[in-house]
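Asks: Just a sequence and a predicted model for now, questions to come.
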Amino acid sequence: MIDLKTISLRDILPPNLARDPAIAAAATALDFELQQTAILIERLDIFGRANEWTEEEVTELAWQFKPPYYDPDLPIEQRRELVSTAIPFYRRKGTPGAVEDLIALLFGEGRVEEWWEYGGDPYHFRVLTNNADVTTTRAHEFIRAVDAVKRLSAVLDSVTITQSEPLQLYFGGVIHFGETIRI
């Protein structure tokens, strides 16, 4: 396979043109420009290099794609992920899956329970998450993020923090079949 970044134009000239010194010199002179152009073409694939975006690129792309939730104070990795998933979020905006994905991206694991799953009022829902920061330091950010992707008719009832810890529990049991004779 021909690699455009390393190929020489002189290598692909037909033999009759390669023997001409003027054509060979012109082909060699164009090699650097063609290789630089090939490198610049790779940079056109914006989403293919999302992990390499600079602060300025992320800010500009956030303005352009308008992710449902964006905070410039977030870590660069989360902002890159928010911008690169902006279009899929808009396709699914208003669904419990979109809320769950945004919660997972910003706050760790989370799950949406609709009103019929816990006996709430119609069009209400609640969120279960394992991140304790949701109710303390980042509570307002959490509410803004959920409001950005939920249905407009849906109402957030509560946020429940779940925690699971491994415990060293031991239990035993005995089953005895037979007769007991006392003397």
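Replies: That came through fine.

Asks: Spatially nearest residue to the most centrally placed residue in the chain, not counting backbone neighbours?
Replies: Nearest to the geometric centre of the chain sits residue 81, at 4.1 Å (CA atoms, centre = their mean). Excluding the flanking residues, the one nearest residue 81 by CB to CB, 6 or more residues apart in numbering is residue 105, at 5.7 Å. Yep, even glycine has a C-beta here, placed from its N, CA and C like the rest.

Asks: Now do the same contact list for that neighbour.
Replies: Residues counted as contacts of residue 105 (CB atoms under 8 Å, 6 or more residues apart in numbering) are 78, 81-82, 85.

Asks: which of the residues you listed count as buried?
Replies: When neighbours are counted using 16 or more other CB atoms under 10 Å, the contacts of residue 105 contain these buried positions: 81-82, 85.

Asks: quick one: which of the residues you listed is nearest residue 136?
Replies: residue 82 (22.4 Å; CB to CB).

Asks: so which strand or helix has the closest one?
Replies: Here residue 82, judged by DSSP states H and E, is contained in helix 76-84.

Asks: gap between the closest residue in space to residue 153 that isn't next to it in sequence and residue 115?
Replies: Leaving aside its chain neighbours, residue 153 sits nearest to residue 123 (5.4 Å; criterion: CB to CB, 6+ apart). As for residue 123, its distance to residue 115 is 7 Å (criterion: CB to CB, to the nearest Å).

Asks: Same check on residue 128?
Replies: As it turns out, when the distance is counted by CB to CB, residue 128 lies 14 Å from residue 115.

Asks: Kindly state the domain boundaries assigned to this structure.
Replies: Each domain of the chain is listed here as a residue range: 9-42, 54-161, per automatic domain parsing.

Asks: which residues of this structure score low on pLDDT?
Replies: Scanning the chain for pLDDT under 70 picks out the ranges 1, 135, 181, 183.

Asks: longest helix anywhere in it?
Replies: Selection of the longest helix in the chain by residue count, based on DSSP state H, yields helix 21-42.

Asks: Tell me where this structure has helices.
Replies: Listed in chain order, the helices of the chain (DSSP H) span 15-18, 21-42, 55-65, 76-84, 86-92, 96-107, 115-118, 139-149.

Asks: I am finished for the moment; much appreciated.
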